[in-house]
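Peer 1: Coordinates for the following, if possible.
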Amino acid sequence: MGLGAVILAAGESTRMGRDKALLPWPANAPVIASQSLSDGTLLAVAIRALNEYCDFVVVVAGKNAERLRTTVDSSGASLTINPAPERGQFSSLQVGLEEVLNRGRDAAMVTLVDRPPPVAATLLALVNAFEGRSRIVWTVVPECEGKHGHPIVIAREMIEVFLKSPSTANARDLEHANQEHIAYLPVMDRRVLMNINTPEDFASLPSQFK
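Peer 2: Numbers count the residues shown, from 1 in each chain. Modelled structure (predicted):
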């Protein structure tokens with residue numbers, strides 16, 4: 001299928017007070033069978049999870065690139081730098097998608113570094129839904145408890161929509177503008193909804209896996 005993965009990790013983590021990508025993975029949280037480290041960082045676990053279902057993983061960093069480099073390299077991903085991360089998250093998405101196309105892939109699984117990766121069954125379901133989609137579907141989005149989450153899987157058509165938009169655009173707004181091309185996949189996995197922005201969010205994370 002030719003699926004590349006993009007993890008957006010260029011934010012400054014101002015509300016967290018330290019780089020969210022390097023936060024430790026909760027000791028009680030399960031990982032997929034092939035992962036040997038259950039106590040790695042959020043970034044390392046995300047890379048390993050996505051590597052199981054994608055041809056490669058691209059991590060988009062900003063000013064934090066050197067801090068992330070060791071984790072990215074040792075986890076089997078590659079680092080791509082957004083030269084102007086102050087333009088916002090959408091600009092990092094564009095940088096990552098350009099890299100996916102440059103590597104000869106026409107589709108991408110996209111997530112944020114502060115979103116813990118879903119369980120393996122959810123990732124497999126997303127890939128299968130994307131592979132079996134109709135031509136009118138450009139994006140597959142997981143849905144849990146009536147809410148939309150991450151990662152999303154996007155086809156070449158949606159990639160082109162994102163890349164042709166200004167760097168100040170908003171991915172969600174563009175998805176809504178192309179609603180007829182979005183397929184929502186119901187999943188029983190609350191990880192697709194988790195979002196770690198503050199120390200309080202991180203402190204409560206272990207309880208989410210009980």
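
Peer 1: show me what contacts the residue positioned nearest the centre of the chain?
Peer 2: In the chain, the residue lying closest to the centroid (CA atoms, centre = their mean) is residue 111, at 1.3 Å. Applying CB atoms under 8 Å, 6 or more residues apart in numbering, we find residue 111 in contact with 5-8, 46, 50, 117, 150-152. C-betas here are computed from N, CA, C, even on glycine.

Peer 1: and if you look at residue 141?
Peer 2: Per CB under 8 Å, 6+ apart, neighbours of residue 141: 148-149, 152, 175, 182-185.

Peer 1: Send me the helix or strand where it lies as CSV with only the CA atoms.
Peer 2: Using DSSP states H and E, residue 141 maps to strand 139-144. Provided in CSV are the C-alpha atoms of strand 139-144 (Å, rounded to 0.1, in the frame of the first residue of the first chain):
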residue,chain,number,x,y,z
THR,A,139,-9.3,9.9,5.2
VAL,A,140,-10.1,7.3,7.9
VAL,A,141,-10.5,8.7,11.4
PRO,A,142,-11.0,6.6,14.6
GLU,A,143,-14.1,7.3,16.6
CYS,A,144,-14.6,6.3,20.2
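
Peer 1: strand partners of it, parallel vs antiparallel please.
Peer 2: Sheet pairing for strand 139-144, assigned by DSSP bridges, gives strand 147-148 (antiparallel), strand 152-154 (antiparallel), strand 182-186 (parallel).

Peer 1: Please pull up the helix or strand immediately following the second one.
Peer 2: Tracing the chain past strand 152-154, the next element assigned as helix or strand by DSSP H and E is helix 156-163.

Peer 1: Shouldn't residue 191 be within a strand?
Peer 2: No - according to DSSP: H, G, I helix; E, B strand; the rest coil, residue 191 belongs to no strand; its state is helix.

Peer 1: Count the residues that sit near it.
Peer 2: 19 (other CB atoms under 10 Å).

Peer 1: ok, residues contacting the lowest-mean-pLDDT helix or strand in the chain?
Peer 2: Least confident helix or strand, the chain: helix 199-208 with a mean of 81, by mean pLDDT, DSSP states H and E. Outside of helix 199-208, the residues within contact range by CB under 8 Å, 6+ apart are 16-17, 23, 26-29, 116, 190-191, 194-196.
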